[in-house]
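Undergrad: what follows is a predicted protein model with its sequence.
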Amino acid sequence: MINPELMRLLETSDVLDVLGDSVSYQLQKIHNVQRTNEGRDWYDELPQIVKGKFDSYREDYGHLSRILKLEQEQIKTEMNKGYYYWRLLRSACHTYRNDLIEYDQQLSQEFNLQVTEAISDNVVLNDCIEILDQHAIEK
C-alpha cells in the first residue's frame, strides 16, 4: 500500500494542478529533444540501452500525464498501484522547481526585476516536493 501522505497529495485541485504542470513540463522537455538538430544528434549518439531508457521515460511520463487527467478516484486507484509513478512525479517536480528558480533569476538579471515567490518559491510545489522526498522512495 502506498504511503497515506502521498495519497493525500491527490486530494486537492491546487496540488493536482502543480503535479500535472510538473509532469507536462517534464514531458515537454523530453519531447523537445527531437525538435532540434542538436537534440536529435544527441539522441542518436546515445548507447542503445540509454536510448531505451529515455524512450521508456517518454512513454511513462505520457502515461502519468494521462493518469493525472482522470477523475480523482481513478487517479487514486492508478497511483495506489506502486511507487514508480510517484518517483517520476518526484523527479518532475524537482526539475520544474529548479527550472522555475533559474527562470526567475534570469528575469531578475535581464530586466532588473525583483525575484518573486510566484515563480521561484511556489509553496504548493515545495510542499509536494517535501512529501515526495520523504515517501516516494519507499518500496
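TA: Nice, thanks for sending it over.
Undergrad: state the mean pLDDT of stretch 51-58.
TA: In this model, stretch 51-58 has an average pLDDT of 95.
Undergrad: got the contact list for that stretch?
TA: Here stretch 51-58 makes contact (CB atoms under 8 Å, 6 or more residues apart in numbering) with 27, 30-31, 33, 43, 46, 88. Heads up, the C-betas are built off the backbone N, CA and C, glycines and all.
Undergrad: hey, where'd the helices end up in this structure?
TA: Using DSSP state H, the helices of the chain run over residues 4-8, 13-32, 37-45, 48-67, 72-79, 84-111, 117-120, 123-135.
Undergrad: redo those as TSV? Include mean neighbour count.
TA: Shown next, in TSV, are the helices of the chain (neighbours: other CB atoms under 10 Å):
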stretch	mean neighbour count
helix 4-8	14
helix 13-32	17
helix 37-45	10
helix 48-67	14
helix 72-79	14
helix 84-111	16
helix 117-120	13
helix 123-135	16
